[in-house]
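**Q** Sequence first, then the predicted structure, then my questions.
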There are 2 protein chains.
Amino acid sequence: MATRDWKQRAQEKREAILAAIPTEWRISNPPSVEDQLDVTGPYIHQFLSPQEIEITETTADGIVANTSTGAWKAEDVARAFCHRAALAHQLLHCLHEIFFDAAIADARALDAYFAEHKKPVGPLHGLPVSLKDQFHVKGVETTMGYVGWIGTFEGKTGTGKEKVFESELVKLLRKAGAVLYVKTSVPHTLMMGETTNNIIGYTLNPKNRRLTSGGSSGGEGALLGIKGSPLGFGTDIGGSIRIPSAFNGLYGIRPSTGRLPYQGMANSMDGQNSILSVVGPLSTSAAGLRLAVESLLSFSPWLVDPLVIEKPFSTPTYTSARTNSHHPLTFAVMETDGIVNPVAPIRRGVRAVVSALEKQGHKVIPWQPPSHAELQHLALEVWTMDGGTDVQAAFALSGETTSPQVSYLLSLSGDDGEKRASHIAGVNVALREYRKRYLDYWVGTREVTGTGRPVDAVICPLAPTPSARREMFKYVGYSVWVNALDLTSVVLPVAPGVDRERKEDAEEGYVPLSQLDKEVHDSYDPDFFHGAHCSVQLVGRRLQEETMLGILEYVSEIMKS
Amino acid sequence: MATRDWKQRAQEKREAILAAIPTEWRISNPPSVEDQLDVTGPYIHQFLSPQEIEITETTADGIVANTSTGAWKAEDVARAFCHRAALAHQLLHCLHEIFFDAAIADARALDAYFAEHKKPVGPLHGLPVSLKDQFHVKGVETTMGYVGWIGTFEGKTGTGKEKVFESELVKLLRKAGAVLYVKTSVPHTLMMGETTNNIIGYTLNPKNRRLTSGGSSGGEGALLGIKGSPLGFGTDIGGSIRIPSAFNGLYGIRPSTGRLPYQGMANSMDGQNSILSVVGPLSTSAAGLRLAVESLLSFSPWLVDPLVIEKPFSTPTYTSARTNSHHPLTFAVMETDGIVNPVAPIRRGVRAVVSALEKQGHKVIPWQPPSHAELQHLALEVWTMDGGTDVQAAFALSGETTSPQVSYLLSLSGDDGEKRASHIAGVNVALREYRKRYLDYWVGTREVTGTGRPVDAVICPLAPTPSARREMFKYVGYSVWVNALDLTSVVLPVAPGVDRERKEDAEEGYVPLSQLDKEVHDSYDPDFFHGAHCSVQLVGRRLQEETMLGILEYVSEIMKS
């Protein structure tokens, strides 16, 4: 396919996305990035009615409380979020698919159901839910940012699945009463912490449009960050739920493998079985995450996805953690992994959490685990096993060019090409043995916590910087260790954003640990990053979703007070 | 290493195993196979005291009831099983490691504990437990049947782990109060349904020594079959727990991946991540399996093995299934997979179960799942991914010759050599999609069971023949589908053994489906197979250990009455 062709097809798709926005919701003269860095709050309010603002600035749990009792109509809620999402896309380039008409029709049906039966359809009755573009939803396509996937089913034509097949999680959301209305942007390949592709361009951070919204669930991050969605689903193989959560002041959870259904989703390097991508929610509230996980598990997803573990949501476990019934808890803190130090505002965020917990009488001890460098090396081995074969095939479908971030990723693969079975098996064994050492370290903390339990959660950065400049998000070590160990991790905003006036947010006289550390620190500057969110990660052991959701709500609460 | 060397080393090891048997327990003139086909019951009784017979013919649950109350001394129990195991090895070649002295010392310590504290150490207080040679146990080595592993740790020297490292499950058994005394024979490579290697030779079936005891946990099968152990642990990647269980009239369970701890065990093709080998118990009673699984889970094995799922033993689920509280259940029956038909006594066994269940008012419907042939093809793809690299390296350590069964296995790998990452990923995707189709079929039976639940368990053969002639166990399709789908499967003896006088056990005028089916049927003959056990498999969905253990006890009970 000639260059002109892929550019034209990308442009047609880009225009088709914009064309799906009703005329009355178009922004006639969108400001340039430099003219309007922050498009949240007052800026976007100018386009919205007071009712739309009230609805869209209510959290997922609050919305469901209103729609499930008939206080709010699902249709009003759907229209408000469709409108705000439409504005978001024009300002941030965060959507791949728009299906407002279907959403409003679905919402009307929910309202009719409620009018007739006086009860909600399910636990998410009338809640708008946004979806990363890996989900298949009937009526729209899935490009995953690849031009060659336009008009196909995962790059193939004539499968009979085009625009009719739905991912299992989508079906469960419908059962729960959710209203689906948009699919959000992803970086082509999915393997980066920024979001860019040849269809929608670059997804911007709503708080500071010079910065990235993160990736790979970067469209989710931007959309929720501007409150164009109360709850969305992303995926995470190296941080792809948590990076956009952290960069946009959101709550996010990376559940362990096998807890939520991935069946029927598009993916990169599908079939790589060593470190699996997982699906999970991002939300504007901690309670929203719990609502999402609990609702999905109430439908026994192990009956629709052979990889989901039969492990129902344990309300007692969640409640115990939420109400802090085991007070005091023991947290561990990892201020730095010793490879790349976090910059000043991130350190400030971590310290704020530690201090709030200590004030509540909890114990916080240092985290001194096995080498994270070794683990990162293993994770890189896993992600480069196929030598780029899969993603290169996807690019080759259209002949489109790859972004510099992809070239960087592919360069990490080295020139070895595809790895062989024995090599892969060796990596799997090394990874398992590493996991065993890490587990032993974690469980061993039982000896020092004084509670009889190992450390309840580890407090640490999610990324070394609060968001990042374009093409400058190079260090994913703070998120990747969680994937490589298959742990349960949550992210929460913990402190005011970066302030160019706050002395504490400047890095002065910093002595870098290495060239990589220097690059990361050189890229940060409180003036350029002004407004960026400060978030922190809390990491629990494997399959501790209920406990970590409870702890997340508890910590969010004490951080607010 | 020259041929003479490996033969000599194998012989020295073989002699060292025999030398570990006290002189007074030696059989001076063991009979030839043809002179004494059946060495169980009256034959072995001649070497044992009445007390030893009583102890060794008590099931695991019965033994624990006695040792936990002080009615029996752990030392007496240990001595009785050591003696019977010593006899077993001389008649069947079923042991790789013998450590009676350590066992008796451990038993004495347990007795001393009981005398002092008036309570058992743990739920397996004083129970002798045998272990397949993949387990590492301090004081003895692990050869896994490879001459090149003699005097090493998994083929390596100078690791510091030799004779001191213990597998996690071994440590948990010690905590539970089990007495470890022997490690049992395996086929070199582990990848076959018979047990043979250059160290101990060929492990014989105690009911009919012309036949195989099965594999790969064939030493366990033979030892438990002659009641030289009440409970043992094997592993299963394609039937290796269930085949020896079925061939020796035992109860066995293949749990789903991640339920019991495999950490720290030796293995073949370690790191192959597509279909994992799992560890599980074999026992002379159904209750013994439940005791084993419940005891291990009581120690939270997810704290010592990063691959174990945090899913405590659910007593309510077990009890509900055991007491048949959801009567009636719906079973499905798969009399044949359409690829190789089971021979007459196996068909008789399956019919006996169906008829007993129907008599109790349960429903039995036909099982018409997606193609098992397709699934078997995928499983073969998985097991031949490394083109034999791993096992050939193990053979090369000593230069030993491989058994004909291994040559057969290696021939299945074809000439492709090692598979590449993309190919492996493709197999993983195909396997996952197949699992999804199978799950959909299973869950879909909800529409026809009339109970609101999908089929509770599938009744089917475990193998087409009751045991097999040497080098003639060629069809593992009836066990492999369970591994490829990661289901929970139990095996139980259901009917009298093959009887040369029973007309029903003869195959007359059989029309084979294929050359393979013909070979299997030609190999069977009620005269040659006289005495062989008839067993049946019950298969549940993934991670249904509690339910399947309960159903197993219930079905065993009704089959006895």
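**A** That came through fine.
**Q** alpha carbons only for contacts and neighbour counts from here, please
**A** Fine.
**Q** for stretch A:412-432, what is the average pLDDT?
**A** Stretch A:412-432 shows an average pLDDT of 91 in the prediction.
**Q** Ends of it, what's the gap?
**A** By Cα to Cα, to the nearest Å, the extent of stretch A:412-432 from end to end equals 23 Å.
**Q** same thing with stretch A:490-510?
**A** Stretch A:490-510 has an end-to-end distance of 29 Å (criterion: Cα to Cα).
**Q** mind listing what's buried in it?
**A** With burial defined by 16 or more other Cα atoms under 10 Å in any protein chain shown, the residues of stretch A:490-510 counted as buried are A:490-495, A:497-500, A:505-507.
**Q** Repeat that for stretch A:520-532.
**A** Neighbour-count burial for stretch A:520-532 flags A:520-521, A:523-526, A:528-532 (criterion: 16+ other Cα under 10 Å).
**Q** Can I get these in JSON lines including pLDDT and distance to residue A:240?
**A** Listed next are the buried residues of stretch A:520-532 as JSON lines, based on pLDDT from 0 to 100; distance: Cα to Cα, whole Å:
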{"residue": "A:520", "pLDDT": "97", "distance to residue A:240": "19"}
{"residue": "A:521", "pLDDT": "97", "distance to residue A:240": "22"}
{"residue": "A:523", "pLDDT": "97", "distance to residue A:240": "21"}
{"residue": "A:524", "pLDDT": "97", "distance to residue A:240": "21"}
{"residue": "A:525", "pLDDT": "95", "distance to residue A:240": "24"}
{"residue": "A:526", "pLDDT": "97", "distance to residue A:240": "24"}
{"residue": "A:528", "pLDDT": "98", "distance to residue A:240": "24"}
{"residue": "A:529", "pLDDT": "98", "distance to residue A:240": "21"}
{"residue": "A:530", "pLDDT": "98", "distance to residue A:240": "23"}
{"residue": "A:531", "pLDDT": "97", "distance to residue A:240": "22"}
{"residue": "A:532", "pLDDT": "98", "distance to residue A:240": "18"}
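**Q** Hmm, residue A:215 and residue A:235 touching each other?
**A** No: the pair residue A:235 / residue A:215 is not scored as a contact, 9.7 Å apart, by Cα atoms under 8 Å.
**Q** Look at the closest residue to residue A:158 other than its chain neighbours and report its pLDDT.
**A** Excluding its sequence neighbours, the residue lying closest to residue A:158 (Cα to Cα, 6 or more residues apart in numbering or on different chains) is residue A:152, at 7.9 Å. On pLDDT, residue A:152 comes in at 97.
**Q** and residue A:152, what is it in contact with?
**A** Residues near residue A:152 by Cα atoms under 8 Å, 6 or more residues apart in numbering or on different chains: A:141-142, A:158, A:162.
**Q** Please check these and keep the buried ones.
**A** By 16+ other Cα under 10 Å, those give A:141-142, A:162 as buried.
**Q** With respect to chain B, which of those residues is nearest?
**A** Top of the list for closeness to chain B, among the buried ones among the contacts of residue A:152 and by Cα to the nearest Cα, is residue A:162 at 17.6 Å.
**Q** Looks like the closest one contacts residue A:141 (just checking).
**A** Yes: using Cα under 8 Å, residue A:162 makes contact with residue A:141 at a distance of 6.9 Å.
**Q** any common contacting residues for those two?
**A** Jointly contacting residue A:162 and residue A:141 under the rule Cα under 8 Å, 6+ apart are A:151-153.
**Q** from those residues, which is closest to chain B?
**A** For these, the nearest to chain B is residue A:153 (15.9 Å; Cα to the nearest Cα).
**Q** Run through the bridge partners of that closest one.
**A** residue A:156 (DSSP bridges).
**Q** And it, how far from residue A:134?
**A** 11 Å.
**Q** quick one, which of these two is more surrounded?
**A** residue A:134 (28 against 21; other Cα atoms under 10 Å in any protein chain shown).
**Q** Looks like the more buried one contacts residue A:144 (just checking).
**A** Yes: the pair residue A:134 / residue A:144 is scored as a contact, 6.0 Å apart, by Cα under 8 Å.
**Q** Quickly list what's touching both of the two.
**A** In contact with both residue A:134 and residue A:144: residue A:266, using Cα under 8 Å, 6+ apart.
**Q** Nearest to chain B: which residue in the stretch 151-300 of chain A?
**A** residue A:271 (3.9 Å).
**Q** I figured that residue was touching residue B:425, is that so?
**A** Yes: under the criterion of Cα under 8 Å, residue A:271 makes contact with residue B:425 at 3.9 Å.
**Q** got a list of what the closest residue to residue A:314 other than its chain neighbours touches?
**A** Distances taken as Cα to Cα, 6+ apart place residue A:546 nearest to residue A:314, at 6.5 Å, with adjacent residues excluded. Counting by Cα under 8 Å, 6+ apart, residue A:546 makes contact with A:313-315, A:317-318, A:321.
**Q** Narrow the residues you listed to those in strands?
**A** Using DSSP state E, no member of the contacts of residue A:546 sits in strands.
**Q** For residue B:440, state which of those residues is nearest.
**A** Closest approach to residue B:440 among the contacts of residue A:546 (Cα to Cα): residue A:313, at 22.5 Å.
**Q** Now stretch A:395-415: buried residues?
**A** Residues A:395, A:397-402, A:405-406, A:409-410, A:413 are the ones in stretch A:395-415 that count as buried (16+ other Cα under 10 Å).
**Q** and the residues you listed as JSON lines, adding secondary structure?
**A** Shown next, in JSON lines, are these (DSSP: H, G, I helix; E, B strand; the rest coil):
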{"residue": "A:395", "secondary structure": "helix"}
{"residue": "A:397", "secondary structure": "coil"}
{"residue": "A:398", "secondary structure": "coil"}
{"residue": "A:399", "secondary structure": "coil"}
{"residue": "A:400", "secondary structure": "coil"}
{"residue": "A:401", "secondary structure": "coil"}
{"residue": "A:402", "secondary structure": "coil"}
{"residue": "A:405", "secondary structure": "helix"}
{"residue": "A:406", "secondary structure": "helix"}
{"residue": "A:409", "secondary structure": "helix"}
{"residue": "A:410", "secondary structure": "helix"}
{"residue": "A:413", "secondary structure": "coil"}
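**Q** Just flag the most distant two among these.
**A** A:398 and A:413 (22.6 Å).
**Q** Let's see the pLDDT reported for residue A:2.
**A** For residue A:2, the pLDDT comes out at 57.
**Q** re the thing from before, a markdown table please, covering the contacts of residue A:152 and showing distance to residue B:307, secondary structure and pLDDT.
**A** A markdown table is the format used below for the contacts of residue A:152 (distance: Cα to Cα, whole Å; DSSP: H, G, I helix; E, B strand; the rest coil; pLDDT from 0 to 100):
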| residue | distance to residue B:307 | secondary structure | pLDDT |
| --- | --- | --- | --- |
| A:141 | 36 | coil | 97 |
| A:142 | 33 | coil | 98 |
| A:158 | 40 | coil | 95 |
| A:162 | 37 | coil | 96 |
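**Q** right, and the pair among those residues with maximum separation?
**A** Farthest-apart pair in the contacts of residue A:152 is A:142 and A:158; separation 14.7 Å (Cα to Cα).
**Q** can you pull the contacts of the residue in the stretch 451-561 of chain A positioned nearest to chain B?
**A** At 6.9 Å from chain B, residue A:543 is the closest residue in the stretch 451-561 of chain A, using Cα to the nearest Cα. Going by Cα under 8 Å, 6+ apart, residue A:543 touches A:255-257, A:259, A:487-488, B:309-310.
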